[in-house]
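Undergrad: Compute the structure for the input listed below.
(chains A and B)
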Amino acid sequence: MMAMDANVAVKLAQAARAKGYKVHMFGYGEGVTAVKAGQNPKRFPNVGKDLEQAASDGIDQAVCETCFAARGFQRGEETKGAKVGSLTNDLFRFVSESDRLVTIAR
Amino acid sequence: MANSTLVLITKSPYGLEDAFAGLRLALAMGVNGMKTSVLMMDDGVYNAVGSQRSDAIGMPSNMDATKELYDFEVPVYVVKEDLAERGITEAGLFDGLKPVPASEARKLLAESDVVTTF
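TA: Residues are numbered from 1 along each chain as shown, chains lettered A, B, ... in the order given. From the prediction side, this is the model:
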């Protein structure tokens, strides 16, 4: 079964956004698979679609390019609104601009 | 807006990419002038072992990635109790690390504006 961590992260991010918070999301390691376009999980929530909705709701998203490439994904295969970026630029900026930080991992 | 960050390393090196990613983030923070500290705890203390040889498996070295932080005055703490639980002596650590008791680790966690967990 797919890990549902990313689904939880999106729901949490959307809840915070709905309360008026500015929200950033960053994925690294296996987390980058959440932004792979064209997911078709059939019986489970489609986290790729949920992330696209979150992006259109104003939630900034980036993933680690090194992790993305390591899994055979090419730039351009990411979901709409997600940026294939880096820990050193994007996550650094997200952390610097944040008052609170939540890590969802196992 | 965060003025200080604690990067918490909780995973062992090489089998997982988490620790290396955390160390690279800490480097980015240090390079950009953010007040940054690293705390190795739980299985993260395995990153502190001085006899690690990443070349044996062709992986980038977490020891080298840690030592790069010293140039940017990013202190790297290791929880003593977690070392002891795993049978790792302080003499077995590589240089430059700062072993601290868990009580001190709690203070570091409380003092940092944000904590990023890897």
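Undergrad: The residue lying farthest from the centre of chain A in helix, strand or coil?
TA: Farthest-out residue of chain A from its mean C-alpha position, per CA atoms, centre = their mean: A:Arg43, at 20.8 Å. Of the three states, A:Arg43 takes coil under DSSP: H, G, I helix; E, B strand; the rest coil.
Undergrad: got the CA coordinates for stretch A:96-106 in CSV?
TA: Output of stretch A:96-106 as CSV, limited to C-alpha atoms (Å, rounded to 0.1, in the frame of the first residue of the first chain):
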residue,chain,number,x,y,z
SER,A,96,13.8,31.3,6.8
GLU,A,97,10.4,32.7,6.0
SER,A,98,8.5,30.5,8.4
ASP,A,99,7.4,31.0,12.0
ARG,A,100,6.5,27.3,12.4
LEU,A,101,7.8,24.2,10.7
VAL,A,102,6.1,20.7,10.6
THR,A,103,7.9,17.6,9.4
ILE,A,104,5.9,14.7,8.2
ALA,A,105,8.1,11.6,7.8
ARG,A,106,8.7,8.1,9.0
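Undergrad: From the chain's centroid, how far away is that stretch?
TA: From the chain centre to the centre of stretch A:96-106 is a distance of 12 Å (CA atoms, centre = their mean, to the nearest Å).
Undergrad: can you tell me if it touches chain B.
TA: Yes. Residues of stretch A:96-106 contacting chain B under CB under 8 Å from any CB of the partner chain: A:Ser96, A:Glu97, A:Ser98, A:Asp99, A:Arg100, A:Leu101, A:Thr103, A:Ala105. Placement of C-beta: from N, CA and C, glycine included.
Undergrad: My understanding was that A:Asp5 contacts A:Arg106; is that so?
TA: Yes. Using CB atoms under 8 Å, A:Asp5 makes contact with A:Arg106 at a distance of 6.4 Å.
Undergrad: filter the residues of stretch A:96-106 next to chain B to the buried ones?
TA: A:Ser96, A:Ser98, A:Leu101 (16 or more other CB atoms under 10 Å in any protein chain shown).
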